[in-house]
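# no sequence for this one, just the structure:
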Ligand code: TXE
């Protein structure tokens, strides 16, 4: 690879940065690289390139599918460049960064296996009525800092397969791996099809408000998602919003803890808890409370936390300073309010954003660390007496991303899981990445779905082609 990986990609090439901004390594808290700060004119240029590339790109789904498969191969081949960049800017252990690169390629391959369906409602001697799913044009894709590469693929893959072109903007906290993605895909995607720009906010707002994109595909906080929706309302841009969550898990009284304790723990702590679909509250029958807390606390204490570039590290730092501050605040407030840290409870020594994996006990709904999305290595464990009461508490939130129920009797658990008010309900697992399945949030956790056919169709406009054969149409319009 001769090209520099830290450049913006517009129309298949570099656009020289007029200004740059610092990118922090969360393991040290210090700036380790500079990223280009996209100017308003450069954003216009990127959107123009995407518009210009659209007419040809929309023509041939076979070529698009082949390009996505080639992109998946290229990403895998570039894992040695992408994974360390991801660890340096995001903090996750290098092995997890490699896994994210592989998931990124897998996501593109799963998308490439989809097809835009041809739906014929009537085809006889009098009429042809066909439902077409046509691309929209330029789509703005805005991603957060927890899974910069995988989310870029999850969002851009279906948008591109459907025949749209993209301007992709990563979080200003983690721009480098996404910039690198744009560079390595330059020779497998035609110029202008995937443009990548980086910059400090208000670049995100500028992109969301720009008149060119016909759709915004956004993953991030609920608060920012609402701002994006307001920006989209002005010219009725289409929207897919994948927002925050406060996933509840309910253990039933017969749960096999030996079988599930590791899965329960990592469902909350994977990626240092910075997963929209992580388990964020755990409801446990009072009779099993101490046993469950002890099992989780044992695991929390044994996790090796450190700089993700070092071997054997299982959990890195939090990815960004504001999130580190927020987690400290939520945990301190809970401890001051009477909760107990069965493990962890505070920051770890050093300059980086390291926080000890924390299990909180003697805590109830009403504490902010239970009611709000903590998005960090913290799990509040809440005792319940009656399973209907646990279900009501799990559902008593504006969030509705995912939830889970755990039991030795999977059918019993499934009956309860179906009553969780959320986009995905799991039984005996949580936050399991699965290709080819639609994913979306209820309530304030999102709008629309990503993945599978439903996700692909959300990047299209539905259109009816109605042909009257033989000249006997009535010509009466109904609206
Ligand atoms: O997200 P933001 P932040 C949650 C998590 C976290 C909180 C804040 O709880 O504590 O969000 O994280 C761009 N118009 N999640 O502040 O602000 C911004 O540049 C358009 C859940 O990083 O939502 C970035 O690219 N775009 C989540 C992206 O939005 C705007 C993952 C996300 O930033 C914009 C991450 C605007 N007005 C955090 N303002 C999940 N669902 O997985 C900012 N952006």
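In hand now; what should we look at? The structure presented is a predicted model; accordingly, all values stated were derived computationally and were not measured.
# residues from the stretch 301-450 of the chain in reach of the ligand?
Residues of the stretch 301-450 of the chain lying close to the ligand (CB under 6 Å from any ligand atom) are 323, 373, 375. Heads up, the C-betas are built off the backbone N, CA and C, glycines and all.
# For stretch 163-174, what is the distance to the chain centroid?
In terms of CA atoms, centre = their mean, to the nearest Å, the centre of stretch 163-174 is found 13 Å from the chain centre.
# Report the separation between the closest residue to the ligand within the stretch 251-400 of the chain and residue 282.
Of all residues in the stretch 251-400 of the chain, the one sitting closest to the ligand is residue 276 (3.0 Å; CB to the nearest ligand atom). Distance of residue 276 to residue 282, given as CB to CB, to the nearest Å: 17 Å.
# since we're on the residue of the stretch 251-400 of the chain closest to the ligand, how many residues are nearby?
As a burial measure, residue 276 scores 27 neighbours (other CB atoms under 10 Å).
# Could you say which helix or strand holds residue 456?
Secondary structure assignment for residue 456, by DSSP states H and E: helix 452-457.
# name the element the residue nearest to residue 46 when sequence neighbours are not counted belongs to?
Leaving aside its sequence neighbours, residue 46 sits nearest to residue 195 (CB to CB, 6 or more residues apart in numbering; 4.2 Å). According to DSSP H and E, residue 195 maps onto strand 194-196.
# hmm, that strand in reach of the ligand?
No: if you take CB under 6 Å from any ligand atom as the test, strand 194-196 misses the ligand, and the best it gets is 12.3 Å.
# I'd like the next helix or strand past that strand.
That would be, after strand 194-196 and using DSSP H and E, helix 203-209.
# could you give the mean pLDDT of that following helix?
Mean pLDDT, helix 203-209: 98.
# now check it, is it near the ligand?
Yes: Helix 203-209 is in contact with the ligand by CB under 6 Å from any ligand atom, via 204-205, 208.
# any chance of those in JSON lines, with neighbour count too?
JSON lines is the format used below for these (neighbours: other CB atoms under 10 Å):
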{"residue": "204", "neighbour count": "24"}
{"residue": "205", "neighbour count": "14"}
{"residue": "208", "neighbour count": "24"}
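# Out of those, which is nearest to the ligand?
If you rank the residues of helix 203-209 next to the ligand by distance to the ligand using CB to the nearest ligand atom, residue 204 comes first, at 2.5 Å.
# wouldn't residue 213 be in contact with residue 207 here?
Yes: judged on CB atoms under 8 Å, residue 213 makes contact with residue 207 at a distance of 7.1 Å.
# which residues do the two both contact?
Both residue 213 and residue 207 are contacted by 140, 167, under the criterion CB atoms under 8 Å, 6 or more residues apart in numbering.
# Run through the residues that contact the nearest residue to residue 147 once chain neighbours are set aside.
The shortest distance from residue 147 to any non-neighbouring residue, by CB to CB, 6+ apart, is to residue 100 (6.1 Å). Shown in contact with residue 100 (CB under 8 Å, 6+ apart): 83, 86, 92, 147, 149-150.
# hang on, the earlier thing: distance from the strand holding residue 195 to the middle of the chain?
Counting by CA atoms, centre = their mean, strand 194-196 is centred 18 Å from the centre of its parent chain.
# Likewise for stretch 154-164?
A distance of 15 Å separates the centroid of the chain from that of stretch 154-164, by CA atoms, centre = their mean.
# Could you do stretch 333-347 as well?
29 Å.
# Quick check: buried residues in the helix or strand where residue 107 lies?
Residue 107 is part of helix 94-112 when elements are defined by DSSP H and E. The neighbour-count check on helix 94-112 (16 or more other CB atoms under 10 Å) flags 94, 96-112 as buried.
# ok, now stretch 429-445?
For stretch 429-445, the neighbour count (16+ other CB under 10 Å) marks 430-431, 433, 438-445 as buried.
# Just send those residues back as JSON lines, with secondary structure and pLDDT too.
What follows is the buried residues of stretch 429-445, written out as JSON lines (DSSP: H, G, I helix; E, B strand; the rest coil; pLDDT from 0 to 100):
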{"residue": "430", "secondary structure": "coil", "pLDDT": "97"}
{"residue": "431", "secondary structure": "coil", "pLDDT": "88"}
{"residue": "433", "secondary structure": "coil", "pLDDT": "81"}
{"residue": "438", "secondary structure": "coil", "pLDDT": "95"}
{"residue": "439", "secondary structure": "strand", "pLDDT": "95"}
{"residue": "440", "secondary structure": "coil", "pLDDT": "97"}
{"residue": "441", "secondary structure": "coil", "pLDDT": "97"}
{"residue": "442", "secondary structure": "coil", "pLDDT": "98"}
{"residue": "443", "secondary structure": "helix", "pLDDT": "98"}
{"residue": "444", "secondary structure": "helix", "pLDDT": "98"}
{"residue": "445", "secondary structure": "helix", "pLDDT": "98"}
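# Just send those back as TSV, with distance to residue 249 too.
Formatted as TSV, the buried residues of stretch 429-445 follow (distance: CB to CB, whole Å):
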residue	distance to residue 249
430	6
431	10
433	17
438	21
439	17
440	19
441	16
442	17
443	18
444	19
445	16
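# Closest one of those residues to residue 319?
residue 431 (17.1 Å; CB to CB).
# now for the strand holding residue 195, which elements pack on it?
Packing partners of strand 194-196 (3 or more CB pairs under 8 Å, 6 or more residues apart in numbering; DSSP states H and E): strand 8-10, helix 40-57, strand 165-169, helix 176-184.
# Residue 152 versus residue 318, what's the distance?
21 Å.
# Pull the number of nearby residues for the nearest residue to residue 354 once chain neighbours are set aside.
Leaving aside its chain neighbours, residue 354 sits nearest to residue 348 (4.0 Å; criterion: CB to CB, 6+ apart). Using other CB under 10 Å, residue 348 has 14 other residues around it.
# Does residue 348 touch residue 357 like I think?
No: judged on CB under 8 Å, residue 348 makes no contact with residue 357 at a distance of 9.9 Å.
# shared neighbours of those two, anything?
residue 305.
# Any regions of the protein where pLDDT drops low?
Along the chain, the model assigns pLDDT under 70 to residues 1-2, 472-479.
# any idea how far residue 471 is from the spatially most central residue of it?
Nearest to the mean C-alpha position of the chain, by CA atoms, centre = their mean, lies residue 151 at 4.9 Å. Distance of residue 151 to residue 471, computed by CB to CB: 52 Å.
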